[in-house]
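Novice: Here is a sequence with its predicted model. Questions after.
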Amino acid sequence: MGIITTNIAHCKDCYKCVRRCPLKAIRVIEGHAQVWDELCVHDGACINVCPQGAKKVESHIERVQTLLNDRRPVIASVAPSFAAVWPNQVRTLPGILKQLGFAAVQETAVAAELVAREHKKELIARKQAEGPLPLITSSCPAVVELIEKHFPESVDLVAKVVSPMIFHGHMLKEHYGRDCRVVFLGPCVAKKAEMDINEHRGVIDAVLTFEELEELCADLPLELGKPAGDFALPHPSSARLFPLEGGLIETAGMDTSMLAGSIRAISGMQECIDFLQELRDNRQEHLEIVELMACKNGCIGGPAISQTLHTEKRRQAVIDWYQGAKDESASEILAPARVPTRTYRSDTAARLPEPPDEAIREILAQIGKFSSADELNCGACGYNTCREKAVAVYHKAAEIDMCIPYMRKRAESLANVIMQSIPNGIVVCNRDLNIVTLNPAAEHMFVCSLENIKGKKLGYLIDPKYFRQALSTQELTIVEVAYPNYHLTTKQYILYVEEQDVVIGILVDITQEQKQQAELTTLRQETLVKAQEVIDKQMRVAQEIAGLLGETTAETKVLLTRLSNYIREEGNGHG
């Protein structure tokens, strides 16, 4: 799992992070956008752009709390961009951190000065060796990852100098002892990935973003006045400008007039990509040094830095901190016994193979794009072109139904099929009860055509009473309504749809059912009459039979009695 993850429950199919990421290091799986770590350079732009807050950065708060509760000293390395976050509390931060439990607090800018010097040394050495040039600065970990993963042919141009964070980690552990713990505080998400690079592992023990620091200090507000404490010596000088665009070159004190035309400072991920693409096509050896920073305007535009201040105010806050602290006494900044260096890898695995044309055409055909004229290139899916999106589908980084025009067309087509073929009448009105549309079944019911009736009041066609009721109550209304003029009886289901602000009536023709019901009722009544007549007749017959049976039985009884008496008499000796 990478350092940037997605809360699936909050990801709502908006594709905004896909649009924002120029590297398209996002995979959409079952409608949810997830960071594609193999392509991601951890610039963190997708985090702030997500409207649902679904992108989360691996938090080091608990890790830092554990370190602070340990017996070993914990040293804070504070990035110079902190002045852009708390311009009115620049002097109070060391005291706040010490109250949290940090043993010492030092500015990362101390190491940034040495990093700038090392860049200058390497530039001179490369010029003497006649290349390779231009030298690309190595302080931005997102830019380093960008080159390693997406422009590996330019790896040899990156300075072999570690970033100020790593350099400072080495310095602090050399000064305070190898058993101390170092926590870096800054605006950068990529630093969390940088600290785990194999050759640097263990130099930095945790990375807190400024946002995480504020969370850690939730019960200890920064407005505490001026608690005791100051940044530990030595104090930096020009390196406090390091987080600004061109800050490294300024810190290195390079003679920019001598380097006129051969030096460039570029900030912003897309701008860095554009430059590296230019460099790939044309080596541009007239350039001597290029400072690349992934965040627009430098580190003061980092993803984990407060956006409450306008960019220019953040920039000015850093300059004010630099100028206000220029006159403070500072001892010489000494480099560690062994100056740390960095090696780079060419990660060709991040270069996705180009799919065959046949596969792309097949994917485009699935979304109804059979020619270039069908390719709208609207960017709604997050990709710049339909073909680019088809390539992502091929690599299982995107899904077919991300194409919004296709899905809309499909939905409209399906809705149209239903409207045209359903046997029930459908009447749609706006909130003023003007007719918006009818389907063919409704046209047939009311002997009209949509062309002639569209836009007219519903009352022109039928009594709008129940439509008005549904609009008023915003509840489903179910009624039976007869229209003698149309020889029609309907069962109506009428509802108000808030999203579209329309009233929809579904009218089921029950004329035949009503007719059949009436015929059945008549038949039942006739049957009852006939049945009653039969019963009455049968009763009369039964009574007559009973009468006849009664007379015969009486006569038989008389005869049998006589016979019995005769036999009885014969048995007594009369015979």
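Specialist: Good, I have the coordinates.
Novice: what stretches of the chain score poorly on pLDDT?
Specialist: 1, 219-228, 255-261, 285, 327-331, 349, 531, 542, 546-575 (pLDDT under 70).
Novice: Give me the longest strand you can find in it.
Specialist: The strand that spans the most residues within the chain, counting by DSSP state E, is strand 488-497.
Novice: Using neighbour counts, pick out the buried residues of that strand.
Specialist: Leu488, Thr489, Thr490, Lys491, Gln492, Tyr493, Ile494, Leu495, Tyr496 (16 or more other CB atoms under 10 Å). Bear in mind the C-beta positions are built from the backbone N, C-alpha and C, glycine included.
Novice: Make JSON lines from those residues and add distance to Ser449 to it.
Specialist: Shown next, in JSON lines, are these (distance: CB to CB, whole Å):
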{"residue": "Leu488", "distance to Ser449": "17"}
{"residue": "Thr489", "distance to Ser449": "23"}
{"residue": "Thr490", "distance to Ser449": "19"}
{"residue": "Lys491", "distance to Ser449": "24"}
{"residue": "Gln492", "distance to Ser449": "21"}
{"residue": "Tyr493", "distance to Ser449": "24"}
{"residue": "Ile494", "distance to Ser449": "22"}
{"residue": "Leu495", "distance to Ser449": "25"}
{"residue": "Tyr496", "distance to Ser449": "26"}
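Novice: Please name the strands paired to the longest strand of the chain in the sheet, noting orientation.
Specialist: Its sheet considered, strand 488-497 pairs with strand 477-483 (antiparallel), strand 502-509 (antiparallel) by DSSP bridges.
Novice: out of those, deepest packed?
Specialist: Stretch with highest mean neighbour count among those: strand 502-509 (a mean of 20; mean count of other CB atoms under 10 Å).
Novice: what comes into contact with stretch 306-319?
Specialist: Stretch 306-319 is contacted by residues 48, 80-81, 83-85, 87, 210-211, 240-241, 243-244, 296-297, 300-301, 305 when judged by CB atoms under 8 Å, 6 or more residues apart in numbering.
Novice: Put the alpha carbons of it into CSV.
Specialist: Extracted as CSV, the C-alpha positions of stretch 306-319 are listed here (Å, rounded to 0.1, in the frame of the first residue of the first chain):
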residue,chain,number,x,y,z
SER,A,306,-2.4,25.9,4.6
GLN,A,307,-4.1,27.6,1.7
THR,A,308,-5.7,30.3,3.9
LEU,A,309,-3.0,32.8,2.8
HIS,A,310,-2.8,33.9,-0.9
THR,A,311,0.3,32.7,-2.7
GLU,A,312,1.9,36.1,-2.8
LYS,A,313,1.3,36.6,1.0
ARG,A,314,2.9,33.2,1.7
ARG,A,315,5.9,34.2,-0.5
GLN,A,316,6.2,37.5,1.3
ALA,A,317,6.0,35.8,4.7
VAL,A,318,9.0,33.7,3.9
ILE,A,319,10.9,36.8,2.6
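Novice: buried residues in that stretch?
Specialist: Leu309, Arg314, Arg315, Gln316, Ala317, Val318.
Novice: got it, and stretch 392-412?
Specialist: Judged by neighbour count using 16+ other CB under 10 Å, the buried positions of stretch 392-412 are Ala392, Val393, Tyr394, Ala397, Ala398, Glu399, Met402, Cys403, Pro405, Tyr406.
Novice: Please name the residues that touch the last one.
Specialist: Going back to what we said before, that points to Tyr406. Tyr406 makes contact with Ile367, Gly368, Lys369, Ile400, according to CB under 8 Å, 6+ apart.
Novice: out of the residues you listed, which one sits closest to Ala25?
Specialist: Ile400 (20.5 Å; CB to CB).
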